[in-house]
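Novice: sequence and predicted structure, then a few things I'm wondering about:
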Amino acid sequence: MTEAPGNVRLIGGEMLLWSDADAATDWRGAGLELVRRLVPSAGRVLLAGPHPKSLIAALAGGEDSRGGFSGGAGSGDEMSGGASSVAVLVRSYPDACALGERHQALDVHCGRLRALSVAEPYDLVLALDGLERTHSAEEPAPPWRASLDALAALVAPGGRLVLAVPNDLGIDRFVDARPPDREGADGHWEPHGFDPSHPGGPEALDAALEAAGLVVERCYAAYPARSAPRALFGRELLRENLPEALTVPLTAPGGDTMLVADPLRLTRLAFRHGLGEHLAPLWLTVATRPVSGNDPAEVRAGDDSAGGEPLPEGLVEVGRAVHEVTATSTRRLPGGAVRPIPRGRIVEEVLVEACAREDVRSVRDLLAGLAAWVAEGGDAAADNLVWDGERFTAIIPVPALGGPVPAQVVLCRILWRFAVRLLAAGHHHPWPWPLDAGQLALTLCGMAGQPCDQDGLDRARKLEAELGQAPGTAELAGAAPTYRDLLSARDRLTDQLTASLARIARLETKLTYRERELVRTRAKLRRSQRKAASLRRSLGFRLARRLSRPRRAARKVLRLLSR
């Protein structure tokens with residue numbers, strides 16, 4: 001074992017040959033922005049459990065504080081100027097040594113959570129990876145409630161706790177085909193989901209925090225997955241009738257994960273039925289320990305701010321940009337203008353449903369309207385476009401190009417991308433299945449009233465690559481058919497096979513009848529041939545044939561003389 005740096009403190013329960021560096025929850029723009037608003041001025045901060053390197057560097061002000069997420073409002077310099085001291089608690093000894101060497105001003109505690117004792121509590125305690133990786137494999141796993149009590153004891157009066165809690169009944173559990181009791185990774189040496197003290201819903205989480213002496217300020221539902229949250233929606237925001245345009249970034253890509261169902265459809269259904277909070281893959285709660293003598297109701301209704309900034313109702317990370325979200329508008333951080341959220345349905349979803357019904361007329365009408373919108377200067381992919389029945393609106397504006405592009409090429413680019421995603425996801429459509437994405441795109445262009453040739457299709461593909469939106473391997477892998485899609489395709493093929501077998505049976509019956517008719521006709525023909533042969537061998541036939549020869553010769557002579 002290598003010698004630990006001077007700023008690393010061993011507290012007991014260290015895991016000497018273990019690392020959680022690559023297993024931490026991948027918080028980026030949304031998480032960094034929330035933490036930036038919570039960092040107290042001249043306060044003490046503790047990070048309990050593994051956290052992303054970019055977040056630790058931003059708080060500690062290390063040399064790689066700019067190496068993480070750079071598109072949000074909170075950069076490393078903005079965070080590191082607030083806290084007076086930053087400490088980290090990790091169970092992995094190699095991770096502790098690496099953090100101690102990288103950040104000399106960082107106080108690193110190595111061991112299990114319940115063994116940590118400090119002289120002074122912290123003004124902000126962050127546990128963005130949850131409590132599952134705060135105990136050692138050398139001891140029996142403590143109940144979730146016991147870990148929460150140990151963590152809450154580290155929060156100073158007036159301080160805050162930011163805790164992430166995975167949901168055992170989240171959307172990601174519905175779509176993941178793997179058994180939920182074991183993740184299958186090296187770090188899950190104990191089955192998950194058998195702890196009765198683990199909260200089973202937002203209300204149970206609030207009750208557990210209140211039992212630990214904390215008052216919940218705001219509880220966020222994190223999407224699209226517990227391993228990589230990119231969107232945070234507050235409880236108050238989820239009570240509103242959110243437009244479907246907000247569900248676009250709330251879908252976890254499949255990657256190499258075998259899916260049971262399409263996560264996009266299930267996520268939208270969860271929000272439509274008001275279950276966005278209860279079915280969230282992860283809950284992120286912000287709770288405060290009341291100052292002695294204060295009424296918890298006053299704390300709950302008090303100034304919801306840190307460092308003068310209020311807590312956001314929602315944060316959504318799109319690409320490398322973070323947007324603050326309300327029920328009706330979004331604002332890009334930092335300093336972006338407020339944009340209303342478009343209402344309506346996603347164009348791609350409308351087209352997929354029409355294709356599944358083989359409603360060619362609806363597809364033609366919608367594509368004709370889309371062509372007219374593109375001719376007026378509009379440009380957005382079908383999965384980035386909202387249609388309210390009258391007009392089209394882009395969810396995220398497409399960046400401007402260097403020069404003018406013909407509307408026909410723009411439309412072909414939109415329809416080619418839709419064709420690629422349609423075929424990659426295995427959705428049903430009314431056109432011949434041997435068509436590839438390019439041929440299907442040309443067919444759709446013709447239906448929209450804007451015929452395109454192969455040269456226009458090549459220009460459309462090039463334009464898609466220039467915009468950086470070309471569907472790549474990862475996207476197509478995420479759009480692979482799910483179990484439910486495969487079962488639907490199997491049922492459809494079963495119906496087609498049944499109809500084909502019935503037709504084959506009818507044809508075989510007709511063929512058997514025709515074969516019998518053919519046998520009878522051949523027998524009749526053979527009888528006629530035998531009868532004709534017997535007639536040719538008769539005496540009368542031979543005499544008539546010989547008597548007819550002079551007559552034929554005389555006719556030939558007469559014809560020769562008449563010439």
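Specialist: Ah, there it is. Numbers count the residues shown, from 1 in each chain.
Novice: can you name the next helix or strand after the helix or strand containing Val519?
Specialist: Assigning secondary structure by DSSP states H and E places Val519 in helix 483-536. Next along the chain after helix 483-536, taking DSSP H and E as the criterion, comes helix 539-561.
Novice: can you check what angle separates that next one from helix 483-536?
Specialist: Between helix 539-561 and helix 483-536, the angle comes out at 90 degrees (axes from the mean of the first three to the mean of the last three CA atoms, to 10 degrees).
Novice: just how off-centre is helix 539-561 within its chain?
Specialist: Mean C-alpha position of helix 539-561 versus that of the full chain (CA atoms, centre = their mean, to the nearest Å) differs by 95 Å.
Novice: so what secondary structure elements neighbour that helix?
Specialist: Packing contacts for helix 539-561, counted by 3 or more CB pairs under 8 Å, 6 or more residues apart in numbering; DSSP states H and E, involve no helix or strand. Quick note: C-beta positions are derived from backbone N, CA and C, even for glycine.
Novice: and Ala164, backbone torsions?
Specialist: Dihedral angles of Ala164 (phi, psi; degrees, to the nearest 10) stand at phi -100, psi 130.
Novice: correct me, but it touches Trp283?
Specialist: Yes. Between Ala164 and Trp283 a contact is recorded at 7.2 Å, counting by CB atoms under 8 Å.
Novice: got any residues that touch both of those two?
Specialist: By CB atoms under 8 Å, 6 or more residues apart in numbering, Ala164 and Trp283 have these common neighbours: Ala222.
Novice: report the buried residues of the helix or strand hosting Leu457.
Specialist: Assigned by DSSP H and E, Leu457 belongs to helix 454-466. Applying a neighbour-count criterion of 16 or more other CB atoms under 10 Å, one finds Gly456, Leu457, Arg459, Ala460, Arg461, Leu463, Glu464 buried in helix 454-466.
Novice: for Leu366, state which of those residues is nearest.
Specialist: Ala460 (19.0 Å; CB to CB).
Novice: got a pLDDT number for that closest one?
Specialist: Here the pLDDT value assigned to Ala460 is 87.
Novice: and it, how far from Ile395?
Specialist: Between Ala460 and Ile395 the computed distance is 21 Å (CB to CB, to the nearest Å).
Novice: now do His273
Specialist: 22 Å.
Novice: so those two - more neighbours on which side?
Specialist: Taking neighbours as other CB atoms under 10 Å, His273 and Ile395 compare with Ile395 leading, 23 against 10.
Novice: isn't the more buried one up against Ala381?
Specialist: No. Contact criterion CB under 8 Å: Ile395 and Ala381 do not qualify, at 9.6 Å.
Novice: let's test this: mean pLDDT of the strand or helix carrying Ile56, rounded?
Specialist: If you go by DSSP H and E, Ile56 is part of helix 53-60. For helix 53-60, the mean pLDDT works out to 90.
Novice: partners of the one helix or strand Val386 maps to in the sheet?
Specialist: Element membership of Val386 [criterion: DSSP H and E] is strand 385-387. Note on strand 385-387: by DSSP bridges, its sheet partners are strand 345-346 (antiparallel), strand 392-394 (antiparallel).
Novice: mind putting the ones you listed into JSON lines with mean neighbour count, mean pLDDT and distance to Pro434?
Specialist: Putting the strands paired with strand 385-387 into JSON lines (neighbours: other CB atoms under 10 Å; pLDDT from 0 to 100; distance: least, CB to CB, whole Å) gives the following:
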{"stretch": "strand 345-346", "mean neighbour count": "19", "mean pLDDT": "88", "distance to Pro434": "28"}
{"stretch": "strand 392-394", "mean neighbour count": "18", "mean pLDDT": "89", "distance to Pro434": "31"}
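Novice: would you turn these into CSV with distance to Gly158?
Specialist: Listed next are the strands paired with strand 385-387 as CSV, based on distance: least, CB to CB, whole Å:
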stretch, distance to Gly158
strand 345-346, 45
strand 392-394, 45
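Novice: helix/strand/coil for His198?
Specialist: coil (DSSP: H, G, I helix; E, B strand; the rest coil).
Novice: residues contacting it?
Specialist: Per CB under 8 Å, 6+ apart, neighbours of His198: Trp144, Val165, Asp168.
Novice: most neighbours among these, which one is it?
Specialist: Val165 (26 neighbours).
Novice: list the residues that contact that residue.
Specialist: Gly130, His198, Pro199, Leu205, Leu282, Trp283, Leu284, Thr285.
Novice: can you point out the buried residues in stretch 369-379?
Specialist: Gly369, Leu370, Ala371, Ala372, Trp373, Val374, Gly378, Asp379.
Novice: can you confirm Thr247 is in a helix?
Specialist: Yes. Thr247: assigned to a helix according to three-state DSSP.
Novice: element containing the closest residue in space to it that isn't next to it in sequence?
Specialist: The shortest distance from Thr247 to any non-neighbouring residue, by CB to CB, 6 or more residues apart in numbering, is to Arg268 (4.8 Å). Using DSSP H and E, Arg268 sits in helix 263-272.
Novice: pLDDT (mean, whole number) over that helix?
Specialist: pLDDT averaged over helix 263-272 gives 76.
Novice: which strands or helices does that helix pack on?
Specialist: helix 171-175.
Novice: quick one: contacts of whatever helix or strand comes next after the helix it packs on?
Specialist: Moving toward the C-terminus from helix 171-175, the next helix or strand (DSSP H and E) is helix 202-211. Helix 202-211 is contacted by residues 145, 148, 152, 161, 163, 165, 197, 199, 215-216, 219, 235, 277-278, 283, 285, 287, 296 when judged by CB under 8 Å, 6+ apart.
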